[in-house]
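Undergrad: What shape does this take:
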Amino acid sequence: MLGLAGSAAQGIKDVGTIPQYRRLLQLEWPRATRPFKLADRVLFRLLSRDEDPTLLFEFFKAVKADPAAEEWARGIMREAASAALAEAGYGDDPRLRGSGHRIASAISQFLRSPLAEKPFIRSGSQTVLHPEAHPPSWYSVAMLASMPNLQRERAGFTERLGHYLAQPAPKKAFVLEVGKKTVRPQHLILGDPIEADSKGMPKDLPLALHYIELLARMGALEWAPVATKVLGRLLRDCDEMGIWRPKNLRSLPKAANKITYHYYPLHLDTKTAEGKEVDVTFRLALISKVLGWSLSYA
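TA: Got it, this is the predicted structure:
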């Protein structure tokens, strides 16, 4: 359901349902088609707190062996399903609104607590996220970014979250205790994840674009100095027609974090110069429109 790549250990060749669903949305695949209709039923069941064990999907065996992991497994899938459905335009559906408010309340409690500043504890030789900490995730932020009504209803929370996401993320590696095991999280955001050089060029360009767009949709970009600097740098690399054309671009920028699978690249032609430029050009234009800028080209 959540896999961002195939898993040889589990014998799975394909990416998970939710990343594939979100990718089809980015590609503007017709929403009335069968793939969406079938997936919608499952995603809404994930929101309903249905305790059917088959809804654990890839976590079924892990939860069977360690029942203490069930709450975490269902929670992360519920957040991912909420993000997908919000991006699909279900923001006014009462089922999604209920899930959105529950997720927002859990994050809000975290942001108001001392854990927001000190979210880690030591467990043996490892740095572990405090078991009571509920920081935002890529999924919960994407959900909120796609639900403007929820943003307005919880304006104070949205602003607090925006300021939290603008602060530097901790650089230390940490793990989550899930039942009796520990896992390395790819989905949590404990601050601005963008790493950029002194000139504003990000190490992971797709990740930076995705994060900047989420902040822009939340009205929080102005508080994020690193994201703002990176956006300015990318815009300076655009020509008079608005096409992103940096010097010495030899290959398509690669994604280091698989969390952007659904987002980048959408255009798979990497052999021509135009094919290497189109995705970043599109994202910069979209971010500009989200920010309310009036675009004009020579």
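Undergrad: Okay, buried residues for the lowest-mean-pLDDT helix or strand in the chain please.
TA: Lowest by mean pLDDT, DSSP states H and E among the helices and strands of the chain is strand 181-183, with a mean of 90. Buried positions in strand 181-183, judged by neighbour count with 16 or more other Cβ atoms under 10 Å: residue 182. C-betas here are computed from N, CA, C, even on glycine.
Undergrad: Given that strand, what are its sheet partners and their directions?
TA: Partners of strand 181-183 in the sheet, by DSSP bridges, are strand 176-178 (antiparallel).
Undergrad: Now find how far off-centre the helix or strand that contains residue 216 is within its chain.
TA: Following DSSP states H and E, one finds residue 216 within helix 205-218. Here helix 205-218 is found 9 Å from its chain centre; the criterion is Cα atoms, centre = their mean, to the nearest Å.
Undergrad: list the helices and strands that helix packs on?
TA: helix 138-145, helix 155-166, helix 225-236, helix 273-290 (3 or more Cβ pairs under 8 Å, 6 or more residues apart in numbering; DSSP states H and E).
Undergrad: can you put those helices in a markdown table and add distance to residue 267, mean neighbour count and mean pLDDT?
TA: What follows is those, written out as a markdown table (distance: least, Cβ to Cβ, whole Å; neighbours: other Cβ atoms under 10 Å; pLDDT from 0 to 100):
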| stretch | distance to residue 267 | mean neighbour count | mean pLDDT |
| --- | --- | --- | --- |
| helix 138-145 | 21 | 25 | 98 |
| helix 155-166 | 28 | 17 | 97 |
| helix 225-236 | 17 | 18 | 97 |
| helix 273-290 | 5 | 18 | 94 |
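Undergrad: Let me have those helices in TSV, extended by distance to residue 176.
TA: As requested, the helices and strands packed on helix 205-218 are exported to TSV (distance: least, Cβ to Cβ, whole Å):
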stretch	distance to residue 176
helix 138-145	15
helix 155-166	19
helix 225-236	25
helix 273-290	30
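Undergrad: Quick check: residue 245 vs residue 19, distance?
TA: Using Cβ to Cβ, to the nearest Å, residue 245 is found at 30 Å from residue 19.
Undergrad: more neighbours, these two?
TA: Between residue 245 and residue 19, counted using other Cβ atoms under 10 Å, residue 19 has the larger neighbour count: 23 against 16.
Undergrad: how about the strands in the stretch 1-150 of the chain?
TA: Here the stretch 1-150 of the chain has its strands, by DSSP state E, counting those that start in this stretch, at 120-123, 126-129.
Undergrad: so who does the closest residue to residue 255 other than its chain neighbours touch?
TA: With Cβ to Cβ, 6 or more residues apart in numbering as the criterion, residue 255 has its nearest non-adjacent residue at 4.1 Å, and that residue is residue 206. For residue 206, the contact set (Cβ atoms under 8 Å, 6 or more residues apart in numbering) comprises 253, 254, 255, 257, 260, 263, 264, 265.
Undergrad: Spit out the contact partners of the residue nearest the centre of the chain.
TA: For the chain, the residue nearest the mean C-alpha position is residue 138 (2.9 Å; Cα atoms, centre = their mean). Contacts here follow Cβ under 8 Å, 6+ apart; on that basis residue 138 touches 83, 187, 188, 189, 259.
Undergrad: so which of the residues you listed is the most crowded?
TA: Within the contacts of residue 138, neighbour counts (other Cβ under 10 Å) peak at residue 83, which reaches 28 neighbours.
Undergrad: who's in contact with residue 169?
TA: 189, 190, 191, 192, 193 are the contacts of residue 169 under Cβ under 8 Å, 6+ apart.
Undergrad: Could you check how many residues crowd around the closest residue to it other than its chain neighbours?
TA: Nearest residue to residue 169 in three dimensions, chain neighbours excluded: residue 191, at 3.4 Å (Cβ to Cβ, 6+ apart). Around residue 191 there are 17 other residues, counting by other Cβ under 10 Å.
Undergrad: Same question for the one 4 residues further on.
TA: Residue 195 has 15 neighbours, counted by other Cβ under 10 Å.
Undergrad: Would you check how far apart it and residue 169 are?
TA: Distance from residue 195 to residue 169, by Cβ to Cβ: 9 Å.
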